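Visitor: fold the stuff below for me.
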Amino acid sequence: MPDSGMPDEEMRSLFIISVAAELAGVHAQTLRIYERKGLIEPARTQGGSRRYSEHDIAQLRRIQELTNAGVSLAGVRMVMGLEAALVHAQIRIRELEQVVNRQMGVQ
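Guide: Numbers count the residues shown, from 1 in each chain. Take a look at the predicted model:
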């Protein structure tokens, strides 16, 4: 799995679907729909059961915020993709700032 920049505890898949649904404030069937639409990708056990991490729960809550604001699921996918791209760009900017600062002798 690529480095997401998140602490390991946020990425650990701990919650079964019923618990994840309760934590996110949605029905378990809604989580299955979100997965089919490509909005969330929970980890799977060897037996095929879904397991959700804290990060997944945060994503589910964000999906709910957006849909409650009237954004379609296709729109949610676009918004979340743009948000992820923004986070990656911010990380890259910080990395480049560190490189420039080292080259200039700034600590």
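Visitor: just the helices in this structure please.
Guide: For the chain, the helices defined by DSSP state H cover 8-11, 17-24, 28-36, 54-68, 73-103.
Visitor: excluding chain neighbours, what is closest to the residue nearest the centre of the chain?
Guide: In the chain, the centroid-proximal residue (C-alpha atoms, centre = their mean) is Q59; its distance is 4.6 Å. Closest residue to Q59 apart from its sequence neighbours, by C-beta to C-beta, 6 or more residues apart in numbering: I40 at 5.7 Å. Using the backbone N, CA and C atoms, a C-beta is placed for each residue, glycine as well.
Visitor: got it, and Y34?
Guide: The shortest distance from Y34 to any non-neighbouring residue, by C-beta to C-beta, 6+ apart, is to I40 (4.8 Å).
Visitor: cool, and V76?
Guide: Leaving aside its chain neighbours, V76 sits nearest to L66 (4.7 Å; criterion: C-beta to C-beta, 6+ apart).
Visitor: the one you found contacts L82, correct?
Guide: No: using C-beta atoms under 8 Å, L66 makes no contact with L82, being 11.6 Å away.
Visitor: out of these two, which sits in the more crowded spot?
Guide: A direct count of neighbours by other C-beta atoms under 10 Å for L66 and L82 places L66 higher, at 19 against 10.
Visitor: contacts only, for that one.
Guide: By C-beta atoms under 8 Å, 6 or more residues apart in numbering, L66 lies in contact with G75, V76, V79, M80.
Visitor: can you check Q90 too?
Guide: Q90 makes no contacts at all, as judged by C-beta under 8 Å, 6+ apart.
Visitor: tally of neighbours for the closest residue in space to H27 that isn't next to it in sequence?
Guide: Nearest residue to H27, sequence neighbours excluded (C-beta to C-beta, 6+ apart): A21, at 5.9 Å. For A21, the tally of surrounding residues (other C-beta under 10 Å) stands at 20.
Visitor: roughly how far apart are A21 and R61?
Guide: Relative to R61, A21 is positioned 12 Å away (C-beta to C-beta, to the nearest Å).
Visitor: all good on my end, thank you.
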